[in-house]
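Undergrad: I would like to see how this sequence folds:
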Amino acid sequence: MIKLLIADDERDTRSVIRDMVPWEENGIRVCGEASNGKEAIHTIETQRPDIALLDIRMPLVDGLGVAKYIYENKLDMESVILSGHNEFVYAQQAMKYGVSDYLLKPCRPEDILASITHCKQRLEQNRQKENLLSNMSNQLSQDNSALNEHLLLQLLSGAGAAPGLLSLFEQSENCCFCAAAFLPQRNITQDVTARELILGELYKQFLHCETARTNGHIAVVVQMKTDDPSSLYNACLRIREKFLSEDLQVSIGIGMPVSALPLLPSSYQSALFMLEKQFFSFPGQVLSGCCEDDFSHLPYLRPDEEESRLLSAIRTGGEEQVSPIVEEFFQLFQSHPCTKANVINAVLTLLLEVYRICETCGIPVPENMENYLLYEQLEDFSTLEELKRLVLLFAQDTALKIQGKSSGSSPIHAALKYIEEHYRENIDLNILASHVHITPSYLSLMFKQTTGVNFIDHLNNTRIQKACELMKNLELKAYEISYMVGYNDEKYFSRVFKKVTGMSPSKYRKVNI
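TA: Modelled structure (predicted):
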């Protein structure tokens, strides 16, 4: 809704304008009134009206003075002058200050409304155009950013430097280029946050830098002075400290400096090598150096034996066997040189087999597991240890479910016993599932299949059965009994009691006691 300021030194005039014109029906709200120009300017500063209706004659600062203030401060608002002077010199001054309309007193309420409505329409049209232009500008900026990313990734892959990318960097003979790879921890949900932390430091010190998101990490190219290549290492140390101050972790690999953009692929490969070293050891480091090893020469490890034994343990419900076999599975990668991609492919193959086991056995897939059946999701893990914990979680969860299924309803027996012993407490499905070591969704399914009723109905039946026994003690009030069997709300207790027994607590006591 458009906001209107009414400024006139006569109270009656302000009242008539405020009350006799149907502002709200026309999408306009009176946000303030002023009896002089100084008050009007203060209201403009505090209330930010869209339109000011100004009497030309006011004490302290007149209407034209307020219009001048609006004009000189380039405020996004319209102004209309009310005047008793039908002289061209006043109208000319008003036009000079960008006044939208010049109304002569006395004027009818409908004339004032027509003038203000016209201002409202012009404001809305102008703002719509500005929003459209702003959106177009943002889209163009995003398109340019996406294009720059594409060109940068082409360069780093060895496809050569496109002219469009060359134009982004400073044309200087005394400079070198260096690639770096940043792997933020996976709980940074917005890529823009990580980039801001990185670029905020690099732009302070270097001639130019560009970033691109690829393969789970952020690739960075920095243009810097030839005589100070170590400055990038120090800048990356400061970036790591910034991440730590935000309770975040980042692993950083820095490549060797090169003398020209076309040579950047070798710098980038050495940066990736430094990053990969951290995946197998300790994350959160800043490593810089030469890529002495070629990824293509590393053997491709296939933990077929460990995978087979692990899947066998899962299928037979051997939950206690799962942990040591998972340890052996990952120890193979820890003790033999290989690539991160090798590890991810092996883990992805294993998780897909676990998923098939769940489908074959008719048990629910572990919670969130489907989110990790994509290479891109696993690529975001910054350490081998993180991947190991994920595999162990899903493998144990699946083995436990199979164990529960093969042993009949043992988890349900444990759940029923827990309810019998803890019905007075605040029990929910999550608490119960945690106690019997299966997921809530799987517990809900098994509970209904085994008992014929869902969890909440069984809990209510148990509580009401206990309540009926307590009813025999005539000294106990209904509200006391409700608390004793786990209900904090007597009215809710009464509704559940009637649903289960077919009668209210008071009637039940009369009939049965």
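Undergrad: report how many residues lie close to Q205.
TA: For Q205, the neighbour count with other Cβ atoms under 10 Å is 16. For glycine as for every other residue, the C-beta is placed from the backbone atoms N, C-alpha and C.
Undergrad: the protein - how does it break down into domains?
TA: Residue ranges for the domains of the chain, per automatic domain parsing: 2-127, 170-293, 304-406, 410-512.
Undergrad: any chance of those in CSV with mean pLDDT as columns?
TA: Below are those laid out as CSV (pLDDT from 0 to 100):
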stretch, mean pLDDT
domain 2-127, 88
domain 170-293, 81
domain 304-406, 87
domain 410-512, 88
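Undergrad: distance to H150 for those - can I get that in TSV?
TA: TSV is the format used below for those (distance: least, Cβ to Cβ, whole Å):
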stretch	distance to H150
domain 2-127	34
domain 170-293	8
domain 304-406	18
domain 410-512	42
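Undergrad: looking at those, which is nearest to S157?
TA: Closest approach to S157 among the domains of the chain (Cβ to Cβ): domain 170-293, 6.8 Å.
Undergrad: list phi and psi for I357.
TA: phi -60, psi -40 (degrees, to the nearest 10).
Undergrad: quick one, what contacts it?
TA: By Cβ atoms under 8 Å, 6 or more residues apart in numbering, the contact list for I357 reads L311, I314, R315, T398, I402.
Undergrad: quick check: phi and psi on the fourth one?
TA: Read it as T398. Per-residue torsions, T398: phi -70, psi -40 (degrees, to the nearest 10).
Undergrad: nearest to L153 among the domains of the chain would be which one?
TA: It is, among these and with distance given as Cβ to Cβ, domain 170-293, at 5.2 Å.
Undergrad: pull the distance from the closest one to the chain's centre.
TA: Distance, stretch centre to chain centre, for domain 170-293: 25 Å (Cα atoms, centre = their mean, to the nearest Å).
Undergrad: let me know whether V222 touches L202 as I believe.
TA: Yes - look at V222 against L202 with Cβ atoms under 8 Å: they come within range, at 6.1 Å.
Undergrad: identify the contacts common to these two.
TA: Joint contacts of V222 and L202 (Cβ under 8 Å, 6+ apart) are C209.
Undergrad: out of the two, which sits in the more crowded spot?
TA: V222 (28 against 21).
Undergrad: assign G98 to helix, strand or coil.
TA: coil (DSSP: H, G, I helix; E, B strand; the rest coil).
Undergrad: which residues touch it?
TA: Contacts of G98 (Cβ under 8 Å, 6+ apart): A67, I70, Y71, S79.
Undergrad: how many neighbours does the last one have?
TA: Close neighbours of S79, defined as other Cβ under 10 Å, add up to 29.
Undergrad: does it touch V66 like I think?
TA: Yes - assessed by Cβ under 8 Å, S79 is found in contact with V66 at 7.3 Å.
Undergrad: which residues do these two both contact?
TA: Counting by Cβ under 8 Å, 6+ apart, the residues touching both S79 and V66 are A52, L54.
Undergrad: which residues touch V453?
TA: Shown in contact with V453 (Cβ under 8 Å, 6+ apart): N461.
Undergrad: could you rerun that using 10 Å?
TA: Listed by Cβ atoms under 10 Å, 6 or more residues apart in numbering, the contact set of V453 reads F447, L459, N460, N461.
Undergrad: again, but for V80
TA: Counting by Cβ under 10 Å, 6+ apart, V80 touches 4, 51-54, 63, 67, 94, 99-103, 112, 115-116, 118-119.
Undergrad: now those residues: which count as buried?
TA: Burial by neighbour count, judged by 16 or more other Cβ atoms under 10 Å, picks out 4, 51-54, 63, 67, 94, 99-103, 112, 115-116, 119 from the contacts of V80.
Undergrad: measure stretch 498-513 end to end?
TA: End-to-end distance of stretch 498-513 (Cα to Cα, to the nearest Å): 17 Å.
Undergrad: name the residues of that stretch that are buried.
TA: Of the residues in stretch 498-513, those buried (16+ other Cβ under 10 Å) are V500, T501, P505, Y508, R509.
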